[in-house]
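**Q** Please work out how this folds:
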Amino acid sequence: MSSKGKVLITPALRGDKPGKFAWVKKDRLHVDHGYQRNIINAHRVNRIAKDWSWATCGVLTAVPREGRDSKEYWVIDGQQRLSAAKKISSINSLPVMIFELDAKTREAMCFVEVNTERQAVSSMDVFRARLFARDEHAVAIDEMVRQSGYRLFGGGSSTTGGFSSIAFLYRQYAQDSERTTRAWDLATKTMDGASLSQSTTVALFYLFQFLEEIVCPTASKWSAIQRKLFAMGPKGVVQAVHQAVAFYGKTGPSIYAAGLVQAINKKVTQHNRLPNPADGELLKRRNPQAAELFVD
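**A** Now for the predicted structure:
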């Protein structure tokens with residue numbers, strides 16, 4: 001214990017030495033697929049390359065190995081950033097912290113430790129950062145949520161008026177802001193101030209999209225559907241979603257929405273009943289192009 005009463009931690013002696021920083025040519029940086037994943041997220045790599053930022057790239061972590069003519073470096077943290085940089089002809093070298101390790105097995109353990117000890121950034125933290133940066137979608141979503149009387153927060157959504165499915169809402173808004181605004185209006189009016197869980201939010205959004213793209217109801221039928229939803233209330237909506245999951249034995253947007261449709265169809269004549277959102281073949285027959293939007 002130090003003189004100030006603070007507990008000092010003695011690290012395990014692993015033989016590690018402080019790393020050295022260097023700019024390394026990208027063609028001398030490699031990935032050992034013996035202990036790293038072989039499948040790269042191509043979409044993410046392309047996005048990194050398209051929106052390349054040196055600040056976001058930061059510093060890669062690598063270890064040296066002797067090559068035929070010179071030292072080669074094997075990346076243990078930064079595989080996707082390296083893959084992105086290799087797509088950009090103007091980038092010749094990357095910033096790297098180089099650590100001397102005594103064996104490939106130690107490399108592998110460092111890879112595991114780097115990827116398991118690092119705390120993932122929550123979707124709410126990402127949204128707050130976007131909001132701080134005045135991202136146009138984030139600003140619009142924040143205003144939309146506030147005007148509806150709901151509030152954003154991380155973690156679960158057990159508090160009345162709470163909403164935490166921000167990653168889902170952001171994706172929906174980025175794809176179609178107008179439809180998302182209408183779907184949000186339906187969802188919040190249906191839940192009437194009760195918390196919006198992930199499954200409830202997805203159910204109501206999917207139902208809205210299903211009605212607009214597949215069913216295309218008349219104005220009077222839209223009003224009748226809304227009245228049925230509002231009459232169900234928050235508890236009825238949650239119960240309908242849970243019952244659908246129990247009946248089908250699985251989860252997913254179409255399953256959640258199928259529960260709502262089943263509840264809406266109660267005491268409705270056969271002619272006026274809504275089709276089942278979980279019936280993929282029916283969707284393809286009615287609107288093949290729109291049906292692609294409803295893949296779980």
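
**Q** Within the helices and strands, which one has the residue most central in space within the chain?
**A** Taking C-alpha atoms, centre = their mean, the centroid of the chain lies closest to Ala167, which sits 5.4 Å from it. Element membership for Ala167, per DSSP states H and E: helix 166-175.

**Q** Can you give the distance from that helix to the centre of its chain?
**A** Between the centre of helix 166-175 and the centre of its chain there are 9 Å (C-alpha atoms, centre = their mean, to the nearest Å).

**Q** Which elements pack onto it?
**A** If contacts are counted by 3 or more C-beta pairs under 8 Å, 6 or more residues apart in numbering; DSSP states H and E, helix 166-175 sits against helix 123-132, helix 136-147, helix 177-191, helix 198-210. In this view, the C-beta of every residue, glycine as well, is placed from N, C-alpha and C.

**Q** 7 Å instead, please
**A** In terms of contacts (3 or more C-beta pairs under 7 Å, 6 or more residues apart in numbering; DSSP states H and E), helix 166-175 is packed against helix 123-132, helix 136-147, helix 198-210.

**Q** ranges for the strands of the stretch 151-296 of the chain?
**A** Shown for the stretch 151-296 of the chain, the strands assigned by DSSP state E, counting those that start in this stretch span residues 151-152, 162-163.

**Q** Partner strands of the first one and their direction?
**A** So the one you mean is strand 151-152. Strand 151-152 sits in its sheet next to strand 162-163 (parallel), going by DSSP bridges.

**Q** Let me see the mean pLDDT of the partner strand.
**A** Across strand 162-163, pLDDT averages out at 76.

**Q** coming back round to it: what's the separation between the residue nearest to the centre of the chain and Arg28?
**A** 37 Å (C-beta to C-beta, to the nearest Å).

**Q** Who are the contact partners of the residue nearest to the centre of the chain?
**A** Ser123 (C-beta atoms under 7 Å, 6 or more residues apart in numbering).

**Q** so where's the stretch 101-250 of the chain uncertain?
**A** The stretch 101-250 of the chain contains residues with pLDDT under 70 at 104-105, 117-121, 153-161.

**Q** Grab the nearest non-local neighbour of Phe247.
**A** Gly259 (7.8 Å; C-beta to C-beta, 6 or more residues apart in numbering).

**Q** count of residues packed around that neighbour?
**A** The tally of other residues near Gly259 (other C-beta atoms under 10 Å) stands at 26.

**Q** which residue sits closest to Asp77 in space, ignoring its chain neighbours?
**A** Asp77 sits nearest to Thr61 (C-beta to C-beta, 6+ apart), 3.9 Å away.

**Q** Helix, strand or coil: sort out that neighbour for me.
**A** strand (DSSP: H, G, I helix; E, B strand; the rest coil).

**Q** And the pLDDT for it?
**A** If you check Thr61, the pLDDT there is 92.

**Q** now it: how far from Ala263?
**A** 53 Å.

**Q** re earlier: run through the residues that contact the residue nearest to Asp77.
**A** Counted by C-beta under 7 Å, 6+ apart, Thr61 has contacts Val75, Ile76, Asp77, Gly78, Met97, Phe99, Val114.

**Q** again with Phe127
**A** Ala138, Ile166, Tyr170.

**Q** 8 Å - rerun?
**A** By C-beta atoms under 8 Å, 6 or more residues apart in numbering, the residues touching Phe127 are Ala138, Ile141, Leu152, Ile166, Ala167, Tyr170.

**Q** Which one of the residues you listed is nearest to Asp192?
**A** Taking C-beta to C-beta as the measure, Asp192 lies nearest Leu152 of those, at 18.2 Å.

**Q** correct me, but that closest one touches Val145?
**A** Yes: taking contacts as C-beta atoms under 8 Å, Leu152 lies within contact range of Val145: 5.8 Å.

**Q** which residues do those two both contact?
**A** Both Leu152 and Val145 are in contact with Phe163, where contact means C-beta under 8 Å, 6+ apart.

**Q** So what's the residue count around Asn265?
**A** Residues contacting Asn265 under the criterion other C-beta under 10 Å number 16.

**Q** returning to what we had before: closest to Thr180 among the contacts of Phe127?
**A** Closest approach between the contacts of Phe127 and Thr180, by C-beta to C-beta: Ile141, at 8.4 Å.

**Q** mind listing what that closest one touches?
**A** Ile141 neighbours (C-beta under 8 Å, 6+ apart): Phe127, Ile166, Leu169, Tyr170, Tyr173.

**Q** which of the residues you listed lies closest to Ala84?
**A** Checking the contacts of Ile141 one by one against Ala84 (C-beta to C-beta), the nearest turns out to be Tyr170, at 22.4 Å.
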